[in-house]
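*Asks:* Pasting the sequence and the predicted coordinates here, then a few questions.
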Amino acid sequence: MIIIPKTYLFEMQRHGAEAYPLECCGGILGKIHFENKYVQKVIRLDNASSENKHRRFAVTAEDYKNLEAYSKESNLQLIGFYHTHPDHPAFPSETDLQNAWPMFSYIIISIQSKEPAQTNSFLLNLDTNTFEPEPLQTVEFHSDTYNEV
């Protein structure tokens, strides 16, 4: 399960609305405790796609390296990425599958006419080479239990 404070979910949705009608993307940092991932930071990234940015996004090697360095400095882990699907459902595309890495959560936000419509999270199943839904729970930011993880 990925557990995300409402403020960070809102930040990702706002990023998507601002980028609309283009796809946007960003990194998700946090902590992993048993089977749960606790989001503690989201970082906006520039969509580096050289293709149609209405339907594609890309994360550069430099952005990935910077996310890893920042997470280490912050005592966090890079736990996934988010991106938007403008005027399309919040489900992975074939391109999303082809570019997925194991262990990461992939949060996809559907933006319909500049408004967030649906948010889903997925994990890559290496055995079947498919995405599986990952439960996503929103929480208030200042939960004592959440901050102790």
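*Replies:* Yes, it's here.

*Asks:* Neighbouring strands of the host helix or strand of residue 81 in the sheet, and parallel or not?
*Replies:* In the assignment (DSSP states H and E), residue 81 maps to strand 77-86. The strands beside strand 77-86 in its sheet (DSSP bridges) come out as strand 25-33 (antiparallel), strand 105-112 (parallel).

*Asks:* could those be laid out in CSV, adding mean pLDDT?
*Replies:* What follows is those, written out as CSV (pLDDT from 0 to 100):
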stretch, mean pLDDT
strand 25-33, 96
strand 105-112, 98
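
*Asks:* Those strands into a markdown table, with extra columns for distance to residue 57?
*Replies:* All C-beta spots, glycine's among them, are computed from the backbone N, C-alpha and C. Shown next, in a markdown table, are those (distance: least, CB to CB, whole Å):
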| stretch | distance to residue 57 |
| --- | --- |
| strand 25-33 | 4 |
| strand 105-112 | 11 |
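
*Asks:* Output the below-cut-off pLDDT ranges for the chain.
*Replies:* 141-149 (pLDDT under 70).

*Asks:* Let me see the ranges of the helices in it.
*Replies:* 6-19, 61-73, 94-98, 144-148 (DSSP state H).

*Asks:* Output the second one in PDB, but only the C-alpha positions, please.
*Replies:* Right, helix 61-73. The C-alpha trace of helix 61-73 is given here as PDB (Å, rounded to 0.1, in the frame of the first residue of the first chain):
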ATOM      1  CA  ALA A  61      19.100  10.100 -16.200                       C
ATOM      2  CA  GLU A  62      20.200  13.300 -14.600                       C
ATOM      3  CA  ASP A  63      16.800  13.800 -12.900                       C
ATOM      4  CA  TYR A  64      16.900  10.300 -11.700                       C
ATOM      5  CA  LYS A  65      20.400  10.700 -10.300                       C
ATOM      6  CA  ASN A  66      19.400  14.000  -8.600                       C
ATOM      7  CA  LEU A  67      16.300  12.300  -7.000                       C
ATOM      8  CA  GLU A  68      18.500   9.500  -5.600                       C
ATOM      9  CA  ALA A  69      21.000  12.000  -4.300                       C
ATOM     10  CA  TYR A  70      18.300  14.200  -2.700                       C
ATOM     11  CA  SER A  71      16.600  11.200  -1.100                       C
ATOM     12  CA  LYS A  72      19.900  10.000   0.400                       C
ATOM     13  CA  GLU A  73      20.700  13.500   1.800                       C
END
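
*Asks:* I am finished for the moment; much appreciated.
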